[in-house]
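Chemist: pasting the sequence and the predicted coordinates here, then a few questions.
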Amino acid sequence: IYSILTICYVLFCFTDIKTFLLYNKINGLCLEASIAQSVRTATCNQDNESQKFRWITDHQLMSVKLKLCLGVPLKKDQAMVTLYPCNQKSELQWWECRNESLLAIRGEDLYFSPGNEEHDNVLLKKQLSVKNTWKIYGTVEVLCSQGYEEIFTLLGNSFGAPCVFPFMYEQQWWVECTAVGRADGCLWCATTADYDTDQRYGLCPSTDKDSTWTTDLSTNVHYQINSDSALTWHQARKSCQQQNAELLSVTDIHEQTYLQELTEGTDSALWIGLNRLDLSSGWEWIGGRPFQYLNWAPGSPSPASGKLCVVLNPETKAKWQNCECDEKLGYICKKRNFTLVPSGILCQKLNGWCCEKGRVPKDVFSLFLSLEPTDKLWIGLNDRKIQMYFEWSDGTPVTYTKWHLGEPSTTNNRPEDCVLIKGQNGYWADHVCERKAGYICKRKATSQIAGEKEITAAGCKKGWKRYGTYCYFIGHVPATFSEANTTCEVEEGYLATVESRLYDDFYRYEQAYLTSLVGLRPEKHFWLGLSDVQDQGTFSWANGEAVSFTHWDAGMPGNNPGCVAMRTGIAAGLWDVLDCETKQKYICKQWAKGATVPPFPTTALIPTCPEGWASNNHRSSCFKCFCRPEIRKKTWFEARDFCRQIGGDLVTIDTKEEIPLLIQAIRATHCMFETVWLGIFSLNPGEGFAWSDGSPVSILTFH
């Protein structure tokens, strides 16, 4: 293969192959496979190659030493686990995680279980016990935290397809990228299991800048055009990230002109980072760049609900069009001359404004708190100077945008050149400048008098801060979840809750307020009062309040039981599920002295449902399953739109008690053996699961 491509010099593969030792906490031993016929437990030794394993697909575990996969001869109780040549099609090698720490053969309640004594072979066992629990040795991580991540290739002849490990090359198995067979030193991998037969390959991603990148010398920004690849938007983004880059963002006219020249001669559309994957807001760039420059092709963006991702189309002079995110297309990566900030480190700041995606600049936060739900107020952003290029009226660089759903909606036949901030969530919309509306002025603050003492918030103890009718305190000594909750109770408070849809405007931004308290602190997490320790899979507040709001981090809440903490840094405000015994700082909350307790909401009446609809007394709502023949089945977006057109939404599940009612409704419409859409989704790469109607995600029952 080395005669085909000679455009790169020696690269260093970006991929950190995730090898690990499987540790059984009960017997204190690790999994070991010294020969194919024996998979047993033994004393843990991180230097022992026989104890190293890795995921090679979503469901296959491979021995690094023997390059063989864990499997069984048949799906049966007491079947012996041994090693077999890796075969992606063999269901006898398909493993799946249960509750993060359990490993079961896919589709069966047969668990990966150690023998009774050291050196006994591992078996499949039907009986579930604590002995079936596995973790990653030397860490607090559960087994399934080290999941498989596809490595997308570049160039080659596989259209960007991911590496397949292990692969056969010159009658030898390879378990990672290699430079063998290439005169130029480039690392490569096969994209099928047998390179000798199929001859399919690609180059492995690198964090170095090589000759696959083109540099704009005037800005020193690097671009990579992958026109021969065929990936979905999410796959394309992952490929860029594996090179320490991001999908293209375009923030000014110079950059757009440069890209038009760079893509000239390319005859296919290319993914860029513009998207509307946050279904509650407008268009935004992945990676957090402000959406201030617009370059839509005529007729774009399409209003179709499923077209949430954007391409740059060289055939329309590099203008933009929105498409469904699962189309297979080429893509453009963009890299600047700095290292991406690792998770947990504070985001870079420009002019004192945090520029990370979705994070509100701190001096704008207090403005959001004062908005009324019906407010529509002018702010300084406009494109009056240069059409389709929004700037601040005082010349301040645009580092942050927060567009409303469907915005900005500037069109050539109805220029909307000025921007309003709207409603209680503070989203923005462009509008005709001649409209009469209120407005917001901004000026530099007067300096605090030297030596002036900090005023204690009215109704709060010293050291506590007031927002609305509550006081808040940041615990300075790390504690377990239980210890933190006890400390708050001693102070006549409780671990903080986050409320939504409550009884007056004070609570509209409680989540944002808490983010402002801890978001820029160096610690990674702060305990909130939410957990599922009392009922695994169902999250509840420690003080007994109803869960009315959630704001999960990417991949959360998952199936791992635990307690909830708020993130800081670049993911400030998002919620993670942690082991309750880890020690974190925390946020306490209590009523402010003299504050009026709001009235409790009245109990909702049992709904009267139309014929054919099932009554859901837990939510005062009705639901119905719609079965369709194959030609009339709908995508998730089509199904959601259909439900909304008839005055509802896709079904939401808030409690375990609702599940039997849902099953009953499915049976009543003869949908029992059909796959049906629910309202839960996780489209935004930076956030976790959410319900399409905005309900909190307090229960997950994934299998």
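Modeler: Looks like it came in fine.
Chemist: give me the nearest residue to Lys135, chain neighbours excluded.
Modeler: Tyr23 (5.0 Å; CB to CB, 6 or more residues apart in numbering). From N, CA and C alone the C-beta is placed, and that goes for glycine too.
Chemist: and what of Leu68?
Modeler: Leu83 (3.8 Å).
Chemist: one step back: what about the residue nearest to Lys135, distance to Gln60?
Modeler: To Gln60, Tyr23 is 20 Å away according to CB to CB, to the nearest Å.
Chemist: so where does Ala639 fall, helix or strand?
Modeler: helix 636-645 (DSSP states H and E).
Chemist: if I look at Asn86, how far off is Val175?
Modeler: Asn isn't right for residue 86; it's Cys. 10 Å.
Chemist: what do these two both touch?
Modeler: Counting by CB atoms under 8 Å, 6 or more residues apart in numbering, the contacts common to Cys86 and Val175 are Ile56, Met62, Lys67, Pro166.
Chemist: need those residues in TSV (columns: secondary structure and neighbour count).
Modeler: Formatted as TSV, the shared contacts of Cys86 and Val175 follow (DSSP: H, G, I helix; E, B strand; the rest coil; neighbours: other CB atoms under 10 Å):
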residue	secondary structure	neighbour count
Ile56	coil	22
Met62	strand	25
Lys67	coil	17
Pro166	coil	20
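Chemist: farthest-apart pair in the residues you listed, please.
Modeler: The two members of the shared contacts of Cys86 and Val175 with the most space between them (CB to CB) are Ile56 and Lys67, at 9.6 Å.
Chemist: mind listing what the residue sitting nearest the centre point of the chain touches?
Modeler: Residue closest to the mean C-alpha point of the chain, counted by CA atoms, centre = their mean, is Ala554 at 2.9 Å. Taking CB under 8 Å, 6+ apart, we find Ala554 in contact with Leu574, Ser682, Pro685, Gly686, Glu687, Gly688.
Chemist: how about a cut-off of 7 Å?
Modeler: Contact analysis of Ala554 by CB atoms under 7 Å, 6 or more residues apart in numbering lists Pro685, Gly686, Glu687, Gly688.
Chemist: ok, so of these, who is nearest Thr608?
Modeler: Among the contacts of Ala554, and counting by CB to CB, the member closest to Thr608 is Gly688, at 35.2 Å.
Chemist: got a pLDDT number for that closest one?
Modeler: pLDDT for Gly688: 86.
Chemist: could you report the neighbour count for it?
Modeler: Counted with other CB atoms under 10 Å, residues neighbouring Gly688 total 21.
Chemist: now do Asp641
Modeler: 16.
Chemist: look up how far Val142 lies from it.
Modeler: According to CB to CB, Asp641 and Val142 sit 38 Å apart.
Chemist: what of His254?
Modeler: Where Val142 is concerned, His254 sits at a distance of 48 Å (CB to CB).
Chemist: same question, Gln321
Modeler: For Gln321, the distance to Val142 - CB to CB - is 42 Å.
Chemist: list the buried residues in the helix holding Ala639.
Modeler: Trp636, Phe637, Ala639, Arg640, Asp641, Cys643 (16 or more other CB atoms under 10 Å).
Chemist: contact partners for Glu170?
Modeler: Asp196.
Chemist: 8 Å - rerun?
Modeler: Val180, Gly181, Asp196.
Chemist: report the beta-bridge partners for Ile680.
Modeler: Beta bridges link Ile680 to Trp691 when assigned by DSSP bridges.
Chemist: wasn't Thr374 part of a helix?
Modeler: No - under DSSP: H, G, I helix; E, B strand; the rest coil, Thr374 falls outside any helix and is assigned coil.
Chemist: in terms of pLDDT, where does the residue lying closest to it once chain neighbours are set aside sit?
Modeler: Using CB to CB, 6+ apart and skipping residues adjacent in sequence, the residue nearest Thr374 is Gly423, 7.2 Å away. Note for Gly423: predicted pLDDT of 72.
Chemist: which stretches of the stretch 51-200 of the chain form helices?
Modeler: 195-198 (DSSP state H, counting those that start in this stretch).
Chemist: what residue ranges in it are flagged as low confidence?
Modeler: 100, 145-146 (pLDDT under 70).
Chemist: all strands of it, in order?
Modeler: 53-55, 61-63, 68-71, 82-84, 95-98, 102-105, 111-113, 123-125, 134-136, 167-169, 172-174, 188-190 (DSSP state E, counting those that start in this stretch).
Chemist: direction included, what does the third one pair against?
Modeler: Right, the one you point to is strand 68-71. Using DSSP bridges, strand 68-71 pairs in its sheet with strand 61-63 (antiparallel), strand 82-84 (antiparallel).
Chemist: just to be sure, Trp527 is in a strand?
Modeler: Yes - assessed with three-state DSSP, Trp527 lies in a strand.
Chemist: that one pairs with what?
Modeler: Under the criterion used (DSSP bridges), Trp527 bridges to Ala565, Tyr586.
Chemist: contact partners for it?
Modeler: Counted by CB under 8 Å, 6+ apart, Trp527 has contacts 475, 479, 481, 484-485, 495, 563-565, 584-587.
Chemist: of those, which is the nearest to Asp394?
Modeler: So of the contacts of Trp527, ranked by how close each gets to Asp394 (CB to CB), first place is Ile587, at 35.4 Å.
Chemist: now the closest one: how far from Ser482?
Modeler: 15 Å.
Chemist: test my guess that Phe20 contacts Val142.
Modeler: No - using CB atoms under 8 Å as the test, Phe20 is too far from Val142 to be in contact (11.2 Å).
Chemist: overlap in contacts, these two.
Modeler: Looking at what touches both Phe20 and Val142 (by CB under 8 Å, 6+ apart), the common residues are Ile136.
Chemist: re earlier: higher neighbour count, His254 and Val142?
Modeler: More crowded of His254 and Val142, by other CB under 10 Å: Val142, with 20 against 12.
Chemist: how near is that one to Lys25?
Modeler: For Val142, the distance to Lys25 - CB to CB - is 10 Å.
Chemist: what's the overlap in contacts for these two?
Modeler: Joint contacts of Val142 and Lys25 (CB under 8 Å, 6+ apart) are Trp134, Lys135.
Chemist: ok, Asn220 touching Asn337?
Modeler: Yes - Asn220 is within contact range of Asn337, at 5.7 Å (criterion: CB under 8 Å).
Chemist: Ala512: which of the shared contacts of Cys86 and Val175 is nearest?
Modeler: Ile56 (42.5 Å).
Chemist: could you list the domains of the chain?
Modeler: 22-145, 214-335, 371-439, 465-591, 614-691 (automatic domain parsing).
Chemist: output these as CSV; include the columns distance to Leu203.
Modeler: Formatted as CSV, the domains of the chain follow (distance: least, CB to CB, whole Å):
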stretch, distance to Leu203
domain 22-145, 19
domain 214-335, 11
domain 371-439, 35
domain 465-591, 28
domain 614-691, 24
